[in-house]
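Peer 1: with the input below, show me the fold.
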Amino acid sequence: MAIRFYSWPMSSGARTHWALEELGVPYEYVQLDRSKGEHKTPEFLAINPNGKVPALVDDGIAYFESLAIALHLGERYGVERGLWPNEPKDRAEALSWSVWALVELQYNFREYIYHGLASPISYKPEDQSKAAAQFNLERTKQNFAMLDKRLSDREYVCGAFTLVDTIFGSTLRFAKMMGVKIDGVPRVDAYVERLSKRPAIARIK
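Peer 2: All right, here's what the predicted structure looks like:
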């Protein structure tokens, strides 16, 4: 089998798993046992030196970081399946929005979760910074408003559904799971609801 996908449940590997299911390409799912340190073995570190999931090997070439994997899958498999744009302008938008989803949107709301909420990944109250919480909450509101505006004339980030939406969908679903609530972005809320109903969602771990 050409694609071997390494992950474990309830991780950022779900983003990769979703993309693979939407593409419908054959792959082998290798579930690592974190409790046994299988992500720290020399064999796995040769694939992902960061010792985390997800990781993916495609025709003998290793990829790590969920965004890098998503972009690779889009470029290699998505175009012919209508799940990744091929025209230069559309491709530029897909790349730009995909990167923004993680380096801006996810970064700011994750920092807000760390410092401003009481979630499984939040810092202890005595280690939280009110200033950091407020700054990242304001940035998060701006980011959500930017996405809401983008969705004002379309159902998906690039118009039709693409792998870009698996990146956004997994990111936004995680934010909601951790308790991030942003008012005044009805299009974003409707977008998440649409994505949550896709059949591929039910098949990911």
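
Peer 1: when you work out contacts or count neighbours from here on, use the C-alpha atoms and nothing else.
Peer 2: Will do.

Peer 1: strands of this protein, start to end?
Peer 2: Per DSSP state E, the chain carries strands over the ranges 3-7, 28-31, 55-58, 61-64.

Peer 1: so what's R34 closest to, chain neighbours aside?
Peer 2: Computed as CA to CA, 6 or more residues apart in numbering, the closest residue to R34 that is not its neighbour in sequence is W8, at 7.8 Å.

Peer 1: how about TSV for the strands of the chain, with mean neighbour count and distance to R203 added?
Peer 2: As requested, the strands of the chain are exported to TSV (neighbours: other CA atoms under 10 Å; distance: least, CA to CA, whole Å):
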stretch	mean neighbour count	distance to R203
strand 3-7	21	14
strand 28-31	14	12
strand 55-58	21	18
strand 61-64	16	22
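
Peer 1: of all those, which one is nearest G179?
Peer 2: Within those, the stretch nearest G179 is strand 3-7; the backing value is 24.3 Å (CA to CA).

Peer 1: what is the closest one packed up against?
Peer 2: Judged by 3 or more CA pairs under 8 Å, 6 or more residues apart in numbering; DSSP states H and E, the packing partners of strand 3-7 are helix 13-23, strand 28-31, strand 55-58.

Peer 1: kindly reformat those as TSV containing mean pLDDT and distance to I167.
Peer 2: Formatted as TSV, the helices and strands packed on strand 3-7 follow (pLDDT from 0 to 100; distance: least, CA to CA, whole Å):
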stretch	mean pLDDT	distance to I167
helix 13-23	98	6
strand 28-31	97	19
strand 55-58	98	16
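
Peer 1: residue nearest the centroid of the chain?
Peer 2: I167 (3.8 Å; CA atoms, centre = their mean).

Peer 1: pretty sure S98 is one of the things it touches, is it not?
Peer 2: Yes. At 6.6 Å, I167 and S98 qualify as touching, with contact defined as CA atoms under 8 Å.

Peer 1: any idea how this structure splits into domains?
Peer 2: For the chain, the structural domains run 3-78, 88-200, going by automatic domain parsing.
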